[in-house]
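>>> Below are the sequence and a predicted model for it; my questions follow.
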Amino acid sequence: MPSDDSNNVINIFSNLSALTNEFDIDWSEDKFGPWVGHFNVLSWPVSVQAESNATIYDYYLVQILGEVSFLSTASWGLDSHCIELIPQGNLATIELVETSPSTTVGYSSYTTGISTTVGGSIGFFGDTPTGSISSSVSFNNSTTKSISDVQIENVSMSDMSPPINSSWRFIIAADSLTAESNCAINVESLYRTPHGTNLTLDVCFTTFLQGGDYDEINALIAPNGYAKNLSNKTDSVNIITSYNNETDSYYSNKASVGLYKTVTFDSPPAPLQTT
């Protein structure tokens, strides 16, 4: 049976190749916006066989790194930015192992970092296709981001069966021009699937608004249900006019603008087989 070797731990961030998708948000309509953001969605897929004849699993560390802002002269003001990862496919085979950052209240910075380390025979994308059977792989890459007038809520794994959604709310303090003009986003999720199963995620970026007039935001809706003006014609910005009578107080009497894309991360190569 292979064992973890504390002197032979591979850190994926420095030793493995990342799969990358880039997203740009640049939207405005009438008095709403500009809603501007840039995100990198990265994943480091690793296959792991813990011991001889054990099931091989694929681990996907997914990181979203970027910034977003929303400035508006309409009566609807900025409330929060939300990031959500929604797995697709055979949900029964997908596990959410860990998410970061956790909820923060009253902090001027937050730290993101997955703490999981797994050992055994490993496989990954890179110049060397497979790792040693006596290696372990660390998913830890602790990074601190400064925030101003922002409260983070980690609401991952809620309202879902199985609980596999990753979700964070970056709640902006009222009348904070600093937080409105730049909100730093750095979130991570670690997923596990049986080997050979690609990981497909709907990546959702949503900005919630509050305090405005229903007719004002309803005027943004085109007949097809999407925003009338898009800076990138291949993307659809979804407008939800109002969350009325919601049992969850977070959504009550809010409106939102949102954009999502579907990304697929390929399964890594299988590890060297143990004997």
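Looks like it arrived, so ask away.

>>> what's residue 265 in contact with, if anything?
Each residue near residue 265 by Cβ atoms under 8 Å, 6 or more residues apart in numbering is listed here: 19, 43, 45, 60, 62, 198-201. Bear in mind the C-beta positions are built from the backbone N, C-alpha and C, glycine included.

>>> Quick check: it vs residue 124, distance?
Separation of residue 265 from residue 124 (Cβ to Cβ, to the nearest Å) stands at 12 Å.

>>> again with residue 254
42 Å.

>>> the more surrounded of these two?
Set side by side, residue 254 and residue 124 show more neighbours around residue 124, with 24 against 19, by other Cβ atoms under 10 Å.

>>> Just confirm that one contacts residue 47, I think it does.
Yes. Between residue 124 and residue 47 there is a contact under Cβ atoms under 8 Å: 7.1 Å.

>>> ok, residue 86 touching residue 200?
No. Using Cβ under 8 Å as the test, residue 86 is too far from residue 200 to be in contact (9.6 Å).

>>> quick one: which of those two has more around it?
More neighbours surround residue 86 than the other of residue 86 and residue 200, with 17 against 14 (other Cβ under 10 Å).

>>> Verify the assumption that the more buried one is located in a strand.
Yes. Checked against DSSP: H, G, I helix; E, B strand; the rest coil, residue 86 lies within a strand.

>>> With adjacent residues omitted, what lies nearest to it?
Closest residue in space to residue 86, ignoring its immediate chain neighbours: residue 202 at 4.2 Å, by Cβ to Cβ, 6 or more residues apart in numbering.

>>> What helix or strand is that neighbour located in?
Element membership for residue 202 (DSSP states H and E) is strand 199-210.

>>> returning to that earlier point: now the contacts of residue 265: which count as buried?
Neighbour counting by 16 or more other Cβ atoms under 10 Å classes 19, 43, 45, 60, 62, 199, 201 among these as buried.

>>> Tell me which of those fall in strands.
The strands, defined by DSSP state E, take in 19, 43, 45, 60, 62, 199, 201 from the buried ones among the contacts of residue 265.
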